[in-house]
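*Asks:* Predicted model follows, preceded by the sequence.
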Amino acid sequence: MRDPQELRAIAHPIRLRLLDELFLSGPATATELSDRVGQSPANCSWHLRQLARYGYVEEADGGVGRRRPWRAVFRGRAWGGPDESVALSRAGDAATEVLFTREFDQLRRWQQTRRDEPAEWRDAGFVDQTIGWLTAPELAELAEELYPLLMRYADRVADSASRPPGARPVRFVAWGVPVPPTDS
(Lines give C-alpha, C1' and ligand atoms only; values in the text may rest on other atoms or scores of the structure.)
Protein backbone atom coordinates (compact mmCIF):
# COMPACT_ATOMS: atom_id res chain seq x y z
CA MET A 1 0.00 0.00 0.00
CA ARG A 2 1.48 3.29 -1.05
CA ASP A 3 -1.40 5.76 -0.54
CA PRO A 4 -1.68 7.39 2.91
CA GLN A 5 -5.33 8.25 2.16
CA GLU A 6 -6.13 4.55 1.78
CA LEU A 7 -4.85 3.96 5.31
CA ARG A 8 -6.65 6.98 6.68
CA ALA A 9 -9.87 5.57 5.25
CA ILE A 10 -9.82 2.73 7.79
CA ALA A 11 -8.31 4.66 10.68
CA HIS A 12 -11.80 5.60 11.84
CA PRO A 13 -13.87 3.74 14.45
CA ILE A 14 -17.20 4.09 12.60
CA ARG A 15 -15.71 2.73 9.39
CA LEU A 16 -14.24 -0.22 11.26
CA ARG A 17 -17.64 -0.93 12.81
CA LEU A 18 -19.24 -0.80 9.36
CA LEU A 19 -16.63 -3.19 7.96
CA ASP A 20 -17.14 -5.57 10.88
CA GLU A 21 -20.88 -5.58 10.34
CA LEU A 22 -20.50 -6.27 6.63
CA PHE A 23 -17.93 -9.03 7.19
CA LEU A 24 -19.89 -10.66 9.99
CA SER A 25 -23.47 -10.25 8.77
CA GLY A 26 -23.11 -9.89 5.02
CA PRO A 27 -24.33 -7.22 2.63
CA ALA A 28 -26.49 -4.44 4.06
CA THR A 29 -27.81 -1.00 3.20
CA ALA A 30 -26.68 2.17 4.95
CA THR A 31 -30.05 2.26 6.71
CA GLU A 32 -29.69 -1.30 7.99
CA LEU A 33 -26.15 -0.57 9.13
CA SER A 34 -27.22 2.63 10.87
CA ASP A 35 -29.35 0.62 13.29
CA ARG A 36 -26.43 -1.70 14.08
CA VAL A 37 -23.74 0.95 14.59
CA GLY A 38 -25.82 3.72 16.14
CA GLN A 39 -25.25 6.29 13.39
CA SER A 40 -27.60 8.04 10.99
CA PRO A 41 -28.17 6.46 7.57
CA ALA A 42 -26.66 9.56 5.94
CA ASN A 43 -23.50 9.27 8.06
CA CYS A 44 -23.22 5.55 7.31
CA SER A 45 -23.69 6.23 3.62
CA TRP A 46 -20.94 8.85 3.64
CA HIS A 47 -18.51 6.50 5.43
CA LEU A 48 -19.41 3.63 3.08
CA ARG A 49 -18.61 5.82 0.08
CA GLN A 50 -15.24 6.66 1.64
CA LEU A 51 -14.54 2.97 2.17
CA ALA A 52 -15.62 2.22 -1.40
CA ARG A 53 -13.30 4.89 -2.75
CA TYR A 54 -10.34 2.82 -1.50
CA GLY A 55 -11.71 -0.63 -2.25
CA TYR A 56 -12.72 -1.73 1.25
CA VAL A 57 -16.39 -2.11 0.27
CA GLU A 58 -18.36 -2.28 -2.96
CA GLU A 59 -21.96 -2.16 -4.03
CA ALA A 60 -23.68 -5.53 -3.81
CA ASP A 61 -26.32 -6.69 -6.23
CA GLY A 62 -29.98 -6.19 -5.53
CA GLY A 63 -30.71 -2.54 -4.92
CA VAL A 64 -30.63 1.03 -6.13
CA GLY A 65 -30.37 4.41 -4.50
CA ARG A 66 -30.98 4.32 -0.76
CA ARG A 67 -31.82 0.63 -0.94
CA ARG A 68 -28.45 -0.27 -2.41
CA PRO A 69 -26.65 -2.88 -0.31
CA TRP A 70 -22.91 -2.78 0.31
CA ARG A 71 -20.54 -5.67 0.86
CA ALA A 72 -17.07 -5.82 2.34
CA VAL A 73 -14.15 -6.65 0.05
CA PHE A 74 -11.72 -9.09 1.59
CA ARG A 75 -8.12 -8.68 0.52
CA GLY A 76 -4.88 -8.51 2.39
CA ARG A 77 -3.28 -5.14 2.82
CA ALA A 78 0.19 -4.38 4.07
CA TRP A 79 1.99 -1.17 4.77
CA GLY A 80 5.30 -0.08 6.13
CA GLY A 81 8.70 -0.56 4.66
CA PRO A 82 12.09 1.03 4.45
CA ASP A 83 11.20 3.33 1.56
CA GLU A 84 7.82 4.61 2.74
CA SER A 85 7.13 8.32 2.76
CA VAL A 86 6.68 10.30 5.97
CA ALA A 87 2.98 10.71 5.14
CA LEU A 88 2.54 6.96 4.63
CA SER A 89 4.44 6.23 7.82
CA ARG A 90 2.22 8.56 9.86
CA ALA A 91 -0.97 7.20 8.27
CA GLY A 92 0.25 3.66 8.92
CA ASP A 93 0.96 4.46 12.56
CA ALA A 94 -2.52 5.97 12.97
CA ALA A 95 -4.23 3.02 11.27
CA THR A 96 -2.23 0.51 13.31
CA GLU A 97 -3.14 2.31 16.54
CA VAL A 98 -6.86 2.28 15.71
CA LEU A 99 -6.77 -1.38 14.61
CA PHE A 100 -4.82 -2.52 17.68
CA THR A 101 -7.08 -0.56 20.02
CA ARG A 102 -10.07 -2.30 18.43
CA GLU A 103 -8.46 -5.73 18.81
CA PHE A 104 -7.51 -5.05 22.43
CA ASP A 105 -11.10 -3.95 23.11
CA GLN A 106 -12.35 -7.21 21.61
CA LEU A 107 -9.91 -9.20 23.77
CA ARG A 108 -11.07 -7.35 26.89
CA ARG A 109 -14.68 -8.06 25.95
CA TRP A 110 -13.88 -11.78 25.58
CA GLN A 111 -12.13 -11.77 28.96
CA GLN A 112 -15.20 -10.17 30.57
CA THR A 113 -17.80 -12.41 28.92
CA ARG A 114 -16.05 -15.75 28.38
CA ARG A 115 -17.63 -17.30 31.47
CA ASP A 116 -21.03 -16.82 29.84
CA GLU A 117 -19.98 -18.83 26.78
CA PRO A 118 -20.80 -22.52 26.28
CA ALA A 119 -17.96 -24.69 27.64
CA GLU A 120 -16.97 -25.74 24.13
CA TRP A 121 -16.23 -22.14 23.11
CA ARG A 122 -14.89 -21.08 26.51
CA ASP A 123 -12.35 -23.92 26.39
CA ALA A 124 -11.43 -23.33 22.74
CA GLY A 125 -10.59 -19.63 23.13
CA PHE A 126 -6.99 -18.91 24.02
CA VAL A 127 -4.44 -16.21 24.71
CA ASP A 128 -0.79 -17.16 24.58
CA GLN A 129 2.21 -15.05 25.42
CA THR A 130 5.91 -15.83 25.52
CA ILE A 131 9.34 -14.37 24.87
CA GLY A 132 11.90 -16.07 22.67
CA TRP A 133 15.41 -15.23 21.61
CA LEU A 134 15.57 -15.03 17.82
CA THR A 135 17.77 -13.60 15.13
CA ALA A 136 16.24 -11.22 12.60
CA PRO A 137 16.14 -13.98 9.92
CA GLU A 138 14.45 -16.36 12.40
CA LEU A 139 11.82 -13.73 13.22
CA ALA A 140 11.18 -13.18 9.51
CA GLU A 141 10.86 -16.96 9.01
CA LEU A 142 8.39 -17.22 11.90
CA ALA A 143 6.26 -14.45 10.36
CA GLU A 144 6.24 -16.34 7.05
CA GLU A 145 5.12 -19.52 8.86
CA LEU A 146 2.38 -17.81 10.86
CA TYR A 147 0.75 -16.01 7.96
CA PRO A 148 -0.66 -19.14 6.26
CA LEU A 149 -1.94 -20.40 9.61
CA LEU A 150 -3.75 -17.14 10.30
CA MET A 151 -5.16 -17.04 6.77
CA ARG A 152 -6.25 -20.69 6.70
CA TYR A 153 -9.91 -19.81 7.20
CA ALA A 154 -9.92 -16.35 5.62
CA ASP A 155 -11.94 -17.45 2.59
CA ARG A 156 -14.89 -18.02 4.91
CA VAL A 157 -15.06 -14.28 5.61
CA ALA A 158 -16.28 -13.47 2.12
CA ASP A 159 -18.00 -16.80 1.30
CA SER A 160 -20.71 -17.59 3.84
CA ALA A 161 -21.49 -20.87 2.04
CA SER A 162 -18.05 -22.19 3.02
CA ARG A 163 -18.74 -21.78 6.75
CA PRO A 164 -19.46 -25.11 8.45
CA PRO A 165 -22.45 -25.42 10.77
CA GLY A 166 -21.66 -24.05 14.22
CA ALA A 167 -18.83 -21.81 12.98
CA ARG A 168 -18.44 -18.39 14.59
CA PRO A 169 -16.22 -15.47 13.71
CA VAL A 170 -12.90 -15.66 15.56
CA ARG A 171 -10.45 -12.78 15.73
CA PHE A 172 -6.75 -13.56 15.21
CA VAL A 173 -3.95 -11.19 16.16
CA ALA A 174 -0.28 -12.10 16.20
CA TRP A 175 2.85 -10.08 16.40
CA GLY A 176 6.51 -10.62 16.96
CA VAL A 177 8.31 -7.44 17.85
CA PRO A 178 11.91 -7.13 19.00
CA VAL A 179 12.35 -5.89 22.55
CA PRO A 180 14.27 -2.58 22.49
CA PRO A 181 17.85 -2.87 23.73
CA THR A 182 18.44 -1.88 27.33
CA ASP A 183 21.13 0.56 28.45
CA SER A 184 22.93 -2.02 30.60
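*Replies:* Happy to help now that I have it.
*Asks:* which residues in the chain form helices?
*Replies:* Listed in chain order, the helices of the chain (DSSP state H) span 4-10, 13-25, 30-37, 41-53, 86-113, 119-124, 136-151, 155-158.
*Asks:* which one of the ones you listed lies closest to Phe172?
*Replies:* Taking C-beta to C-beta, helix 136-151 is the member of the helices of the chain nearest to Phe172, at 4.9 Å. Backbone N, C-alpha and C define where each C-beta goes, glycine included.
*Asks:* how's the protein carved up into domains?
*Replies:* The record's domain parsing of the chain by automatic domain parsing lists 1-125, 128-179.
*Asks:* could those go into CSV alongside mean neighbour count and mean pLDDT?
*Replies:* As requested, those are exported to CSV (neighbours: other C-beta atoms under 10 Å; pLDDT from 0 to 100):
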stretch, mean neighbour count, mean pLDDT
domain 1-125, 15, 90
domain 128-179, 10, 91
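*Asks:* Mind checking which residue lies nearest the centre of this protein?
*Replies:* Leu99 (6.8 Å; C-alpha atoms, centre = their mean).
*Asks:* Confirm for me that that one is in contact with Leu16.
*Replies:* Yes - counting by C-beta atoms under 8 Å, Leu16 is a contact partner of Leu99 at 7.5 Å.
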